[in-house]
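Student: Here you go, sequence then predicted model.
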Amino acid sequence: MEPNNDASSCRGKHSMGKCCYKPIALLVIFITCSLAIWFCLFNNSSADQEENITREQFAQAVDFFDNNKLDDARASFEKIVSLKDKHFSPLANMYITLILEANGDKKNAAERFLKIANDESSPTVIRYTATIHAAWILVDTMPYNEISKILQKLKNPSNPMHQAANEVLGIAALKSGNISLAKSIFEEIVKDKNAPTGIVNRSQIILANITATSEQEDKKILK
């Protein structure tokens, strides 16, 4: 992210959400790919022939995805979801939903992310990541209170994705016009020594722009 571009693009409420969106998308892909590798490398002890076939199919589907062959990737992931072996279903569902989003189908992508988030059979990290991603999609169209409800389970400071949830809440507050709430949220993130560096950096940029905008408005009033 170029500092100057962020500083200018984040001044408007709409741009606030967009400037922080890409890092979350990359985070989702990183986590899902990491989990896929974990399954492939460390789950061999219980693998039978069907599981080995599924593992190969999953690797092929990921290869399609990585090479931007999204139609082939989606067809492959959907086939994996339909199989009897469900080891890879949560990850396959995440990829299918990412493909929907990449193709511009934000409504269905958000619905699917929320469905994954509420699926008790999915690994916790996938559920949390799906929750964050759904909130990022919906933050452009949903009021703060609704976004807060979606992120309810992640807002506890003991949750490893606590500050990722706070980042979305801060954007939601900005979009709702509650600048003081947004400022307090981003200040909390910046003060947290355990917060991820990327989230802290983006929060600092937004805080700087909030301050700059406030100073400009004060000057207009004084004129």
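Tutor: Received, thanks. The model shown is predicted, which means the values in this text are computed figures rather than measured ones. Numbers count the residues shown, from 1 in each chain.
Student: could you list every residue that touches residue 115?
Tutor: The contact partners of residue 115, taken as CB atoms under 8 Å, 6 or more residues apart in numbering, number zero. Using the backbone N, CA and C atoms, a C-beta is placed for each residue, glycine as well.
Student: so it is in which element?
Tutor: Using DSSP states H and E, residue 115 sits within helix 106-117.
Student: Just the buried residues of that helix, please?
Tutor: 109, 110, 111, 112, 113, 114, 116, 117 (16 or more other CB atoms under 10 Å).
Student: Which SSE is immediately downstream of that helix?
Tutor: helix 124-138.
Student: What is that next one packed up against?
Tutor: Applying 3 or more CB pairs under 8 Å, 6 or more residues apart in numbering; DSSP states H and E, one finds that helix 124-138 contacts helix 21-42, helix 89-102, helix 106-117, helix 144-150, helix 162-175.
Student: Give me the distance from it to the chain's centre.
Tutor: How far helix 124-138 lies from its chain's middle: 5 Å, per CA atoms, centre = their mean, to the nearest Å.
Student: before we move on, what about stretch 73-91?
Tutor: On CA atoms, centre = their mean, the centre of stretch 73-91 falls 21 Å from that of its chain.
Student: ok, now stretch 118-127?
Tutor: 15 Å.
Student: Quick check: end-to-end length of that stretch?
Tutor: For stretch 118-127, the first-to-last residue distance is 7 Å (CA to CA, to the nearest Å).
Student: Buried ones in that stretch, by neighbour count?
Tutor: 122, 126, 127.
Student: Leaving out the residues flanking it, which one is nearest to the last one?
Tutor: For residue 127, the nearest residue in space outside its immediate sequence neighbours is residue 117; the separation is 5.1 Å by CB to CB, 6 or more residues apart in numbering.
Student: I figured the one you found hits residue 135, correct?
Tutor: No - contact criterion CB atoms under 8 Å: residue 117 and residue 135 do not qualify, at 9.4 Å.
Student: just to revisit the earlier point, tell me the spacing between the residue nearest to residue 127 and residue 183.
Tutor: From residue 117 over to residue 183 the distance is 28 Å, taken as CB to CB, to the nearest Å.
Student: What of residue 159?
Tutor: In terms of CB to CB, residue 159 sits 22 Å off from residue 183.
Student: Show me which of those two is the more surrounded one.
Tutor: residue 183 (18 against 15; other CB atoms under 10 Å).
Student: Please give the element, helix or strand, for that one.
Tutor: Using DSSP H and E, residue 183 falls in helix 179-191.
Student: Mind listing residues that contact that helix?
Tutor: For helix 179-191, using CB under 8 Å, 6+ apart, the contacting residues are 144, 163, 166-167, 169-171, 173-174, 195, 199-200, 203-204, 206-207, 210, 214.
Student: and if we set it to 7 Å?
Tutor: 163, 166-167, 169-170, 173-174, 195, 199-200, 203-204, 206-207, 210 (CB atoms under 7 Å, 6 or more residues apart in numbering).
Student: tell me which of the buried residues of helix 106-117 is nearest to residue 52?
Tutor: residue 116 (25.3 Å; CB to CB).
Student: contacting residues for that closest one?
Tutor: Here residue 116 is in contact with 93, 94, 97, 122, 126, 127, 130 (CB under 7 Å, 6+ apart).
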